[in-house]
Structure formats: C-alpha cells, structure tokens
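Student: Kindly return the folded structure for what I paste below:
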Amino acid sequence: MRTKWRISGSLLGACNCDWGCPCSFDAPPTYGACHGTYVWIVKTGNFGATVRLDGLAFASAGSHPGPIHLGHGTSVTLVDDRATPAQRKAIETLRKGGGGPPFEIFAKTTERWLPTVYAPFDVRLNGVRSVVKVDGGRTYHLAISRIKNPVTGDEEEVYLDKPTGFTAKRTELGMSLVARVNVPGLAYDVSGQYAEYSEFSYSRK
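Tutor: I've put the predicted structure just below:
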C-alpha cells in the first residue's frame, strides 16, 4: 500500500552553472559536469497519517559527471538533527525515491548514496536573499541574492515560469554569494554561480 504524503514550503537551489541553469531549458550543464544542491524548507507537511514534517529542513547535495539525466550521480542527504526517528525515516524514504516525484527522478540518476548527515540547520528565509548553514556552515553554507548587472551593479529581478517544472512551477533566478558542501566523499565550492528560490508543493494521494 502506498503511503500518502504532502509537503509544501520554500526551495533553495545552487549549482556550478551560469545564470539560469541549462537544466531549466533541457540543455547540458555549462561546464560539462553538474555539482549542485537543493534545500527544502518545509512549512507544512506529513508522511502518512501520523508523521508531521512541519518546520523541518533537509537538503540534497550531489555531483554528476555529465547531464543529470544520464545518471552516475553521487548524492548525500542532509537532515535537520531536530528530526525524530520517524521523521528521519520519512525524509530518507522520500529522498531515495520511495514516495514519488520529484524525489524519485533524482533518485533514479543516483549511483552512489553517501551516509545521511544529521546536523543543526540555521535557516534565515528571505526569498532570493536567504541563507542556510548546516553545522555552522562547516557541512553546508548557502547564501543567495539576485543577479548583479555587470555594468551598473544593480540587482536584476528575473523569473522562470515553467508549468512542466517538477521541482517548482515559478522560480526566481539568482546567484550564490556562498555555496559550499563539505562531507566525507563529496566536497565542492560553487560560490558565485547560479542560484534560485521558489515555493513548492508536492504530494502523493
């Protein structure tokens, strides 16, 4: 029997590509490989009838040698250490594709799963100017902003409307001020590249 679930909240992303991220337009990564993260900050949610996920945050950090859809990815899940054993199990199930889209899409491209990391999350949610630190920024640090005009230095407000998007339908496109991952088996710094902010709502009924 399939478990019913639903989560909604804010989604932050960052990767090593140029502004806009070619993945958004079904194109190959800017520099061949893909190194990127998503952070889901759950406002409301539940997994099954009894496991509430309200107020939790979790992240996916991954690396692929080429376009994500070609697979061979390495991935790690970062989970707020306030999560109970039941909440941890629910998030692990979702992340590894046991709950359906969008997570199963990423799971199918993952060849190597690193051990899940449980650590304190410090989330300062402010749209495209949000900041997330995991374990004080030692494990993960993301700070994003709007893209800066290279001539004037002014901020550019840019959105992507994509009704077929599987992570979000409307995304504000930006840049990362800081975007670093450092866990055993996976470490990269893609600061100064693409970043995004959106609201998400997923479910399986």
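
Student: contacts, neighbours, all on C-alpha from now
Tutor: Noted.

Student: Would you state the helices of this structure in chain order?
Tutor: Per DSSP state H, the chain carries helices over the ranges 85-95, 103-107.

Student: any idea of the mean pLDDT in the first one?
Tutor: Same thing as helix 85-95. Here helix 85-95 scores 97 as its mean pLDDT.

Student: Tabulate the helices of the chain (CSV), appending mean neighbour count and distance to G36.
Tutor: Shown next, in CSV, are the helices of the chain (neighbours: other Cα atoms under 10 Å; distance: least, Cα to Cα, whole Å):
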stretch, mean neighbour count, distance to G36
helix 85-95, 18, 15
helix 103-107, 18, 12
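
Student: Make CSV out of those and add distance to G45.
Tutor: Formatted as CSV, the helices of the chain follow (distance: least, Cα to Cα, whole Å):
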stretch, distance to G45
helix 85-95, 11
helix 103-107, 15
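
Student: closest one to C21 among those helices?
Tutor: Smallest distance to C21 across the helices of the chain (Cα to Cα): 16.4 Å, for helix 103-107.

Student: Alpha carbons only: can I get that closest one in CSV?
Tutor: Extracted C-alpha coordinates of helix 103-107, given in CSV (Å, rounded to 0.1, in the frame of the first residue of the first chain):
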residue,chain,number,x,y,z
PHE,A,103,12.4,12.9,-5.4
GLU,A,104,12.3,9.6,-7.4
ILE,A,105,13.5,11.5,-10.5
PHE,A,106,16.7,12.4,-8.7
ALA,A,107,17.0,9.0,-7.1
